[in-house]
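Student: what would the 3D arrangement of this be:
(2 chains)
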There are 2 protein chains.
Amino acid sequence: MRNAIFYHAGCPVCIDAEQQILGALDSQIAIDIVHLGDKPASIQQAESRGVQSVPALVLDDQVFHINFGAALVDLKGES
Amino acid sequence: MRNAIFYHAGCPVCIDAEQQILGALDSQIAIDIVHLGDKPASIQQAESRGVQSVPALVLDDQVFHINFGAALVDLKGES
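Tutor: As a prediction, this is how the structure comes out:
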């Protein structure tokens, strides 16, 4: 059983990516969807996994940033 | 039956993305893998689909650029 974590922040790019990419994944893959806008406490977890922007798909600990989305520093309001 | 086209140029980022993401897709999805380094003639086709950098996954005509890869203009040697 493989794992996927989809980090996003509710933006249109994120929603498109969520519906299309997650919808195309093998049904055997356990998918966890984390909305970093709703759960800012999860930003640190995402950063520790190597996530730099959202949307991002983490597949078995490997990070794939999708479509040049919002940077995590922007989500944290630091930039 | 859904279709996926994976555009890449053979770079390490591309190979990782190819193995992990394509490996996680539903087996019902027809996957076409296009190496733009080997097939420069396909760059125009990729551009017409909205691809700006590689690696990129096109799922049913929707483009998902992955991990800030090489820009197509660089592949064409224009920049």
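Student: which residues in chain A form helices?
Tutor: If DSSP state H is used as the criterion, the helices of chain A fall at A:12-17, A:23-24, A:43-48, A:72-75.
Student: and those: which comes nearest A:N3?
Tutor: Closest to A:N3 of those, according to Cβ to Cβ: helix A:43-48, at 13.8 Å. Bear in mind the C-beta positions are built from the backbone N, C-alpha and C, glycine included.
Student: before we move on, back to that, next, format the helices of chain A as TSV and append mean neighbour count and distance to A:D32.
Tutor: Shown next, in TSV, are those (neighbours: other Cβ atoms under 10 Å in any protein chain shown; distance: least, Cβ to Cβ, whole Å):
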stretch	mean neighbour count	distance to A:D32
helix A:12-17	17	15
helix A:23-24	15	15
helix A:43-48	15	11
helix A:72-75	16	17
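Student: in TSV, list those along with distance to chain B.
Tutor: As requested, the helices of chain A are exported to TSV (distance: least, Cβ to the nearest Cβ, whole Å):
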stretch	distance to chain B
helix A:12-17	6
helix A:23-24	5
helix A:43-48	15
helix A:72-75	14
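Student: what number of residues lie near A:I66?
Tutor: 27 (other Cβ atoms under 10 Å in any protein chain shown).
Student: so it bridges to which residues?
Tutor: Beta-bridge partners recorded for A:I66 (DSSP bridges): B:I66.
Student: can you check the pLDDT for A:E78?
Tutor: If you check A:E78, the pLDDT there is 61.
Student: with only the CA atoms kept, save stretch A:21-35 in PDB.
Tutor: In PDB, the C-alpha atoms belonging to stretch A:21-35 read as follows (Å, rounded to 0.1, in the frame of the first residue of the first chain):
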ATOM      1  CA  ILE A  21      -4.400  14.300 -10.400                       C
ATOM      2  CA  LEU A  22      -5.900  12.700  -7.300                       C
ATOM      3  CA  GLY A  23      -8.700  11.400  -9.500                       C
ATOM      4  CA  ALA A  24      -6.100   9.700 -11.800                       C
ATOM      5  CA  LEU A  25      -4.200   7.900  -9.000                       C
ATOM      6  CA  ASP A  26      -4.500   4.200  -8.500                       C
ATOM      7  CA  SER A  27      -7.300   3.400  -6.100                       C
ATOM      8  CA  GLN A  28      -5.000   1.300  -3.900                       C
ATOM      9  CA  ILE A  29      -3.100   4.500  -2.900                       C
ATOM     10  CA  ALA A  30      -4.200   6.000   0.500                       C
ATOM     11  CA  ILE A  31      -4.600   9.700  -0.100                       C
ATOM     12  CA  ASP A  32      -4.500  12.300   2.600                       C
ATOM     13  CA  ILE A  33      -5.600  15.800   1.600                       C
ATOM     14  CA  VAL A  34      -4.300  18.700   3.800                       C
ATOM     15  CA  HIS A  35      -5.600  22.300   3.300                       C
END
